[in-house]
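[1] structure here, sequence nowhere to be found:
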């Protein structure tokens, strides 16, 4: 490894790093605007100038300069200081004095670096140029006069998001960042350009003029609007969540966040359930907690356990599902399920419902087969990993299922189970591609498993993994991509039918036939509530969605930003969500509601604090002891061989922006839905 000297201190650095990276390894901060660790080097802001010897007698852009043995780098010489002063003066020639009204104020790189490296005045007295604002959709607000042409947004859209909708047109004073045809930025990751923009040119349109950063309380938590479990920061003021930003987590979301996860937070103050309700004379009426619990207790009195059922929704935390399972065990009911969509996921083999390769591990794949999934809509941050596998590793990617644009080349091999069976049998050419790959990956989605023949599809996918050597020593390339944040946690704690118990389809059929008399819906809104017949329905949740409309008793729960909860993402990583604000009105944390109800029916669950619940949860399954870790699962038998319906696989997500009670209540997501037409499985940006 070459040795370089930074400001008189000699260090050893890996070969191929740049002078900027070498300086950072030495603990020296180098100012920059265009450089970003995850994007290609542009070298056009010139703020990172340093003095290098041996070399030319002028400053060099450290972001684009590879180190060499014996190189001496000076970051604080008079030449460097003068160069940085000059660069900053040039950057500010046309920059407007918008700081008092700019949403980037307080978080602006240009502000900070102008203070640290700028001059106390400018020698330019000419009129500043003005640039027309661009239309980039309902999420990104543009004030392009502030743009300093760092091109971070262009490189992100092209390299990470895979939608080359942004570019730099013109030269010199006429250069402008634009979407070419003035259309919306058509990506599920579009708002990440706001985080990347070092000035106030690209800001958040829904958050415009809402708050200043120093007014906000910042809480580190976990996103639950898909199964990736992205690390987020919840920014709140008093009782209201104002914005959600991504946090750095290299193994899960890197530093990106999907648009739905970022902007559906406006729904946390809309259509909320903030007090208990009991249906009287056919209409829901406000009630006290005691009245709501008494109505449930009266219905449970003398009711056989076989006539009681519970369904857990997609956003539930593990503590609430564990408490409800204990309650169902007390009343003697084996009828419970956490698989709202009816997915035929195994309950006896953890490797059969996990992303065993891990999310970060997908980057190293060299052959990928997608089965019944559209990762671009189901998990955009998983899709970025697959794009990286293709872009940097040349992975061969193919799909069995719908023809979709994934932002990278993907060969469509067929539409349904017949193609999957042919690959498993080795009669399809792609079987050889998987066999010859060093790190083959198979990703099975809910579009393949949430069918009547899902168990047979899963068995065929497992047979494919064995026949194509997808699972081998040191590598498990078999993966299940979930769409629900609660799914893996529910399976891990056993929220599935007991001996002789009914699954979701059985519960709904039983309720329609009169065999199930009480159904407890824990945030379950994705089922056909019209099929529940005359059953007595208890709905516990936070939004007035489908489940609440059908309920006979409503128990107001807390949303994910209003409670401390445990979630397990699609790769089996146990994660902790943290409370940012208080629940509205009389709403309470879900596990505490179930604990209070248990006291009324004399179940008396033996825990009174969140710590007690988590201790019991870890005792039931040790995996919950390992927070932010992925516990490898053994490769066991799962799935049941059988006939498969030749019908094509169809992705369960038809509208990325509305998949759950929170996003369906969001005005911002409604605006995105209007902007992007999802009706035919493709999105079309509209002109601004």
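    Perfect, thanks for sending it. Remember, predicted model here, so these are calculated numbers, not experimental data. Numbers count the residues shown, from 1 in each chain.
[2] what residue ranges in this protein score low on pLDDT?
    677-688 (pLDDT under 70).
[3] if we go to 80?
    180-182, 677-688 (pLDDT under 80).
[4] give me the neighbour count for residue 578.
    14 (other Cβ atoms under 10 Å). Where you see a C-beta, it was placed from the backbone N, CA and C, and this is true even at glycine.
[5] my read is that it contacts residue 231, right?
    No: contact between residue 578 and residue 231 fails when scored by Cβ atoms under 8 Å: they sit 11.2 Å apart.
[6] what touches both of the two?
    residue 220 (Cβ atoms under 8 Å, 6 or more residues apart in numbering).
[7] can you list the buried residues in stretch 501-521?
    501-504, 506-508, 510-512, 515-521 (16 or more other Cβ atoms under 10 Å).
[8] likewise for stretch 134-148?
    134-143, 145-148.
[9] and if you look at stretch 300-313?
    Neighbour counts over stretch 300-313 (16+ other Cβ under 10 Å) mark 300, 303, 305-313 as buried.
[10] adding secondary structure and distance to residue 610, write these out as a markdown table.
    Compiled in a markdown table, those are given as follows (DSSP: H, G, I helix; E, B strand; the rest coil; distance: Cβ to Cβ, whole Å):
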| residue | secondary structure | distance to residue 610 |
| --- | --- | --- |
| 300 | helix | 26 |
| 303 | coil | 30 |
| 305 | helix | 28 |
| 306 | helix | 32 |
| 307 | helix | 32 |
| 308 | strand | 26 |
| 309 | strand | 27 |
| 310 | strand | 21 |
| 311 | strand | 24 |
| 312 | strand | 18 |
| 313 | coil | 20 |
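[11] so residue 441 sits against residue 471, correct?
    No: assessed by Cβ under 8 Å, residue 441 is found out of contact with residue 471, at 10.7 Å.
[12] and those two? which has more neighbours close in?
    Taking neighbours as other Cβ under 10 Å, residue 441 and residue 471 compare with residue 441 leading, 29 against 17.
[13] wait, residue 637 sits on residue 459?
    No: in this structure residue 637 lies outside contact range of residue 459 using Cβ under 8 Å: 9.1 Å.
[14] compare those two (neighbour count), which wins?
    Each of residue 637 and residue 459 has its neighbours counted (other Cβ under 10 Å); residue 459 has more, 22 against 12.
[15] which parts of the helix or strand that one falls within are buried?
    Remark: residue 459 resides in helix 454-467, with elements defined by DSSP states H and E. Using 16+ other Cβ under 10 Å as the burial criterion, the residues of helix 454-467 that qualify are 454-465.
[16] swap in stretch 13-24?
    For stretch 13-24, by 16+ other Cβ under 10 Å, it's 13, 17-24.
[17] measure that stretch end to end?
    End-to-end distance of stretch 13-24 (Cα to Cα, to the nearest Å): 11 Å.
[18] got the contact list for it?
    Contacts of stretch 13-24 (Cβ under 8 Å, 6+ apart): 1-4, 6, 11, 25, 29-30, 32, 35, 41, 48, 50, 52, 60, 62-67, 71, 73, 75.
[19] buried ones among the residues you listed?
    2, 4, 6, 30, 32, 35, 48, 50, 52, 60, 62-65, 67, 71, 73, 75.
[20] residue 88 belongs to a strand, doesn't it?
    No: judged by DSSP: H, G, I helix; E, B strand; the rest coil, residue 88 forms no part of a strand; its state is helix.
[21] residue contacts, it?
    47, 113-114, 117-119.
[22] so among those, which ones count as buried?
    Among the contacts of residue 88, those scoring as buried are 47, 113-114, 117-118 (criterion: 16+ other Cβ under 10 Å).
[23] can you redo those residues as JSON lines with distance to residue 226 and secondary structure?
    Output for these, formatted as JSON lines (distance: Cβ to Cβ, whole Å; DSSP: H, G, I helix; E, B strand; the rest coil):
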{"residue": "47", "distance to residue 226": "37", "secondary structure": "coil"}
{"residue": "113", "distance to residue 226": "36", "secondary structure": "helix"}
{"residue": "114", "distance to residue 226": "39", "secondary structure": "helix"}
{"residue": "117", "distance to residue 226": "41", "secondary structure": "helix"}
{"residue": "118", "distance to residue 226": "42", "secondary structure": "coil"}
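[24] which of those sits closest to residue 262?
    residue 113 (26.1 Å; Cβ to Cβ).
[25] any figure for the gap between the closest residue to that closest one other than its chain neighbours and residue 85?
    In this structure, residue 113 finds its nearest non-sequential neighbour in residue 31, 4.9 Å apart by Cβ to Cβ, 6 or more residues apart in numbering. Distance, residue 31 to residue 85, using Cβ to Cβ, to the nearest Å: 11 Å.
[26] of the two, who's got more company?
    For residue 31 and residue 85, the more surrounded residue by other Cβ under 10 Å is residue 31, and the numbers stand at 18 against 14.
[27] helix/strand/coil for that one?
    Relying on three-state DSSP, one would call residue 31 coil.
[28] may I have the phi/psi pair for it?
    With angles defined as degrees, to the nearest 10, residue 31 sits at phi -70, psi 150.
[29] make 40 the first number, not 1, from now on.
    Noted, 40 is the first residue going forward, which turns the last one into residue 70.
[30] that one touches residue 123, doesn't it?
    Yes: Residue 70 is within contact range of residue 123, at 6.7 Å (criterion: Cβ under 8 Å).
[31] okay, and the common contacts of the two?
    Shared contacts of residue 70 and residue 123, counting by Cβ under 8 Å, 6+ apart, come down to 86, 156.
[32] now for the buried residues of stretch 52-63, which pair is the farthest apart?
    52 and 59 (11.2 Å).
[33] ends of stretch 496-514, how far apart?
    22 Å.
[34] next one: stretch 159-175
    Termini of stretch 159-175 sit 35 Å apart (Cα to Cα).
[35] what sits against the nearest residue to residue 141 once chain neighbours are set aside?
    Spatial nearest neighbour of residue 141, excluding adjacent residues (Cβ to Cβ, 6+ apart): residue 239 at 4.0 Å. Taking Cβ under 8 Å, 6+ apart, we find residue 239 in contact with 137, 141-144, 147, 182, 185.
[36] in helices only, show me those residues.
    Among the contacts of residue 239, no member falls in helices (DSSP state H).
[37] now list the buried members of the residues you listed.
    141-143, 147, 182, 185.
[38] mind telling me the two of those residues farthest from one another?
    147 and 182 (12.6 Å).
[39] and stretch 578-595, which residues are buried?
    Neighbour-count burial for stretch 578-595 [16+ other Cβ under 10 Å]: 578-587, 589-595.
[40] mind checking which of these land in strands?
    578-580, 592-595 (DSSP state E).
[41] and which of those is nearest residue 444?
    Nearest to residue 444 among these, with distances taken as Cβ to Cβ, is residue 580, at 34.4 Å.
[42] thought the closest one was touching residue 559?
    No: Residue 580 is beyond contact range of residue 559, at 11.2 Å (criterion: Cβ under 8 Å).
[43] mind checking the SS state of the closest residue to residue 314 other than its chain neighbours?
    In space, residue 314 comes closest to residue 625 once its chain neighbours are excluded; the distance is 4.6 Å by Cβ to Cβ, 6+ apart. The assignment at residue 625 comes out as coil when based on three-state DSSP.
[44] was I right about residue 625 contacting residue 316?
    No: counting by Cβ under 8 Å, residue 625 does not reach residue 316; the two are 10.7 Å apart.
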